[in-house]
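> no sequence for this one, just the structure:
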């Protein structure tokens, strides 16, 4: 792989601060600005930029274009409408998975005529090699799923793969189905020559997607990709046409630099901004495009921001303590601090986006209103469905936004309800578990030691996470807990803290749903006890909270025995899971992750919006590859 040396310092520090003439001619040697799209990589700087092994544990920076435009797998589910009006997208597979009657066997029919970027044809051998390699190395990404569920994998011809499963699993295909990411397919002819697939750096990365790696910054700040000459031999090209940009540059930037660069049309897609920064940029840049044209502007990802509680750590292993922490929070204050009120609240463990409102939120309203907890021998009803209306009023009064007034629109944009702010009830719950207060009003643990909480959160790239965590710490301090935040970079939050369970409390997410499908197995299958890992060991999936429940195991087992496209049964089991999460409150749901992605239409047009929701515009999603055939040059 070649590296651009003469422009390295300029790209790394200034990303080619030059004249308008240079921008229109050559942005870098051989690359014209009008054939280049520049996209923010929210991971910032890649910690190991020479490593492109996305399957290796702790592999750095998938979002530098690696998973979006270089990798491919069997299926995709779009969180929005889908490029052809259907969220389910057959990619390397030419049709949906075929299961036998008891879901102990899955057959996959592969698409023919797809080639790796080095000219080798993609076949069943690549799929089989990927599964067998990861199964033999469960420390690698997706390895535990294959180790636990796959008994045997073989081909009946070059384009048909059969999976023999160890137990019934109607969601086996989920491992190969992209929502944000999925198990991507390895090139057998490359990895079979690697001495160790775990330490192999896969450099240069042989591409199965429409772009190949052209150059990259050895310091980790940027990656340049070039459209393949044979782009029509990829699934994106074969199915949807030629990608518009000839070159794609993914860059890591500070928030201030993102704004300045887009104002100069040197950054086409900003991944995310703080609400006030986004609104300011929208007002100043006539070419700025957002998902919603007006409030709340941002794209609602099917991702749930929550207060993650390590259920292995005392006192977060006690339900009464978890409920006390919940009832000592005023969620409207958190929403105002995080999003200036442009937040979609969730009282249940699923993001309040898309059809989830119909599948889960609306049907559970009666149950939530009737739900109660025992406090000192009395029943207390903690749910409050007026909170979104309170939030709308406060956002209007505090920021002057033109917020919805229609009840249904408020529910859709701001949520259905949340838990009451009841610090007096929270205090009774703690006292029931032996907690006391000292003379200055600070909570003491039952052993007399001061209760201290350190909230791990992201400090770079996602300001709403830092602001939300700061407000939560402030409210818990007001309640009497010695709480503070510890901000860490995005690059180390998951591998260093959440995945190994090196925390007590975190403000992040571990619940991510398909968005375009009601099934919750995307995250829930790895919450089964079979996947359980104690703190100190890397979690085999997204159960960062180390939550275990026999009832939950039964829900997951039943979910894996029904057809993926049986919506009625799928939704019923999903509702059972949500009720259990309310009763136990192993983590505290807060809101959906609303992303202030801003696209600049100076050089390129055709971005997805709420009026044309053919895919997700948020650029670190692998689904974002579907925007490339839709992007057209403006001629500037």
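That came through, no problem. The structure displayed is predicted, hence computed values, not measured ones.

> could you spell out which stretches of the chain belong to which domain?
According to automatic domain parsing, the chain comprises the domains 33-255+597-633, 300-595.

> residue ranges with poor pLDDT in the stretch 401-550 of the chain?
The stretch 401-550 of the chain contains residues with pLDDT under 70 at 460-461.

> at 50 what do you get?
Applying pLDDT under 50 to the stretch 401-550 of the chain picks out no residues at all.

> same check, this time on the stretch 51-200 of the chain
For the stretch 51-200 of the chain, counting by pLDDT under 50, not a single residue falls below.

> switch the cut-off to 80
58-60 (pLDDT under 80).

> on that earlier part again, looking at the domains of the chain, which is closest to residue 285?
If you check each of the domains of the chain against residue 285 by CB to CB, domain 33-255+597-633 wins as the nearest, at 6.9 Å. (Glycine included, C-beta is placed from N, CA and C.)

> end to end on that closest one, go ahead and measure it.
Counting by CA to CA, to the nearest Å, you get 11 Å between the two ends of domain 33-255+597-633.

> and residue 288, which of the domains of the chain is closest to it?
domain 33-255+597-633 (5.3 Å).

> which stretch among the domains of the chain comes nearest residue 292?
Here domain 33-255+597-633 is closest among the domains of the chain (CB to CB), at 5.2 Å.

> can you tell me the element the residue of the chain most remote from its centre falls in?
What lies farthest from the middle of the chain is residue 439; by CA atoms, centre = their mean that is 43.8 Å. Using DSSP states H and E, residue 439 sits within no helix or strand.

> buried stuff in stretch 427-440?
427-430, 432, 435 (16 or more other CB atoms under 10 Å).

> any idea which of those is the one closest to residue 105?
residue 429 (48.9 Å).

> okay, and the nearest residue to that closest one once chain neighbours are set aside sits in which element?
For residue 429, ignoring the flanking residues on the chain, the nearest one in space by CB to CB, 6 or more residues apart in numbering is residue 324 at 4.1 Å. In this structure, residue 324 sits in helix 319-327 according to DSSP H and E.

> and that helix, average pLDDT?
Per-residue pLDDT values over helix 319-327 give a mean of 98.

> and stretch 30-48, by the same measure?
93.

> can you list the buried residues in that stretch?
31, 33-34, 36-47.

> okay, how far is it across that stretch, tip to tip?
27 Å.

> got the contact list for the nearest residue to residue 493 once chain neighbours are set aside?
Nearest residue to residue 493, sequence neighbours excluded (CB to CB, 6+ apart): residue 458, at 5.6 Å. For residue 458, the contacting residues are 465-466, 487-490, 493, 508, by CB atoms under 8 Å, 6 or more residues apart in numbering.

> hmm, 10 Å instead?
Contacts for residue 458 (CB atoms under 10 Å, 6 or more residues apart in numbering) come out as 42, 464-466, 469, 487-494, 506-508.

> name whatever forms a beta bridge with it.
residue 488 (DSSP bridges).

> how far away is it from residue 469?
Going from residue 458 to residue 469 by CB to CB, to the nearest Å gives 8 Å.

> show the end-to-end separation of stretch 364-376, please.
Per CA to CA, stretch 364-376 runs 27 Å from first to last residue.

> avg pLDDT for that stretch?
Computed over stretch 364-376, the average pLDDT equals 98.

> report the buried residues of it.
364, 368, 371, 373, 375.

> now those in TSV, with distance to residue 626?
Listed next are the buried residues of stretch 364-376 as TSV, based on distance: CB to CB, whole Å:
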residue	distance to residue 626
364	32
368	36
371	40
373	44
375	50
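
> narrow these to those in helices?
residue 368 (DSSP state H).

> which one among the buried residues of stretch 364-376 gets closest to residue 269?
residue 364 (35.9 Å).

> so what's the closest one up against?
So, once contact is read as CB under 10 Å, 6+ apart, residue 364 ends up touching 347-348, 350, 371, 383, 416, 574-575, 578-579, 582.

> what comes up buried for the strand or helix carrying residue 413?
Assigned by DSSP H and E, residue 413 falls within helix 407-414. Neighbour counts over helix 407-414 (16+ other CB under 10 Å) mark 410-414 as buried.

> returning to that earlier point: any common contacting residues for residue 458 and residue 469?
Joint contacts of residue 458 and residue 469 (CB under 10 Å, 6+ apart) are 487, 506-508.

> just put those residues in TSV and tack on secondary structure and distance to residue 242.
Below are these laid out as TSV (DSSP: H, G, I helix; E, B strand; the rest coil; distance: CB to CB, whole Å):
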residue	secondary structure	distance to residue 242
487	strand	43
506	strand	43
507	strand	42
508	strand	38
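
> between the residues you listed, which is nearest residue 229?
residue 508 (41.1 Å).

> the closest one reaches residue 494, doesn't it?
Yes - with contact defined as CB atoms under 10 Å, residue 508 reaches residue 494; the gap is 8.0 Å.

> between these two, which one's more packed in?
More neighbours surround residue 508 than the other of residue 508 and residue 494, with 25 against 18 (other CB atoms under 10 Å).

> how about the domains of the chain in a markdown table, adding distance to residue 262?
Below are those laid out as a markdown table (distance: least, CB to CB, whole Å):
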| stretch | distance to residue 262 |
| --- | --- |
| domain 33-255+597-633 | 5 |
| domain 300-595 | 15 |
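
> and these: which comes nearest residue 278?
Closest approach to residue 278 among those is made by domain 33-255+597-633 (6.1 Å; CB to CB).

> related to what we said a few turns ago, and for residue 508 and residue 494, which residues touch both?
458, 544.

> find the nearest non-adjacent residue to residue 172, please.
Here the residue nearest residue 172, using CB to CB, 6+ apart, is residue 106, at 5.0 Å.

> which parts of stretch 182-192 are buried?
Of the residues in stretch 182-192, those buried (16+ other CB under 10 Å) are 182-188, 190-191.

> a markdown table please, covering those and showing secondary structure.
What follows is the buried residues of stretch 182-192, written out as a markdown table (DSSP: H, G, I helix; E, B strand; the rest coil):
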| residue | secondary structure |
| --- | --- |
| 182 | coil |
| 183 | coil |
| 184 | coil |
| 185 | coil |
| 186 | coil |
| 187 | coil |
| 188 | helix |
| 190 | helix |
| 191 | helix |
